[in-house]
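[1] Sequence isn't available, so here's the structure alone:
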């Protein structure tokens, strides 16, 4: 059974940092790209970042480039999202997702975690 479990969300002031973690099970990260989506209140879910199964060429949404970094530890079945210089518009529920392919395909993932709340506010 595929499972993705996020942690690390919380409340932070603008300019602060958070590190999200995703623990995966039921499959091996060697075979799938993993990404992060987020959903702000009243808005549609959007792709934030994605990393391929071999860890090369990560993709980022333009709104987070230079501030967020996605990384993975295949041996530990974990994926991380380091978020720096957070802005109020980064507020939302962040989801860990499994791509259908080894590369970041850009298609809507079929497998989602339960989400973790990130709130950026002064």
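    Looks like it came in fine. Predicted model only: the values in this text are computed from it and were never measured. Numbers count the residues shown, from 1 in each chain.
[2] Tell me who's in contact with the most centrally placed residue in the chain.
    By C-alpha atoms, centre = their mean, the chain has its centre lying nearest to residue 36, at 2.4 Å. If a contact means C-beta atoms under 8 Å, 6 or more residues apart in numbering, then residue 36 has 20, 22, 47-50, 70, 79, 81, 94-97 as its contacts. Using the backbone N, CA and C atoms, a C-beta is placed for each residue, glycine as well.
[3] Among these, which one sits closest to residue 113?
    Distance to residue 113 across the contacts of residue 36 (C-beta to C-beta) is lowest for residue 96, with 4.2 Å.
[4] hang on, residue 55 packs against residue 72?
    Yes - counting by C-beta atoms under 8 Å, residue 72 is a contact partner of residue 55 at 5.7 Å.
[5] Out of the contacts of residue 36, flag the one nearest to residue 116.
    residue 94 (5.5 Å).
[6] which SS class is that closest one?
    strand (DSSP: H, G, I helix; E, B strand; the rest coil).
[7] The contacts of residue 36 into a markdown table, with extra columns for neighbour count and pLDDT?
    Shown next, in a markdown table, are those (neighbours: other C-beta atoms under 10 Å; pLDDT from 0 to 100):
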| residue | neighbour count | pLDDT |
| --- | --- | --- |
| 20 | 24 | 98 |
| 22 | 27 | 98 |
| 47 | 17 | 97 |
| 48 | 24 | 98 |
| 49 | 24 | 98 |
| 50 | 24 | 97 |
| 70 | 24 | 98 |
| 79 | 28 | 97 |
| 81 | 27 | 98 |
| 94 | 24 | 98 |
| 95 | 22 | 98 |
| 96 | 28 | 98 |
| 97 | 23 | 97 |
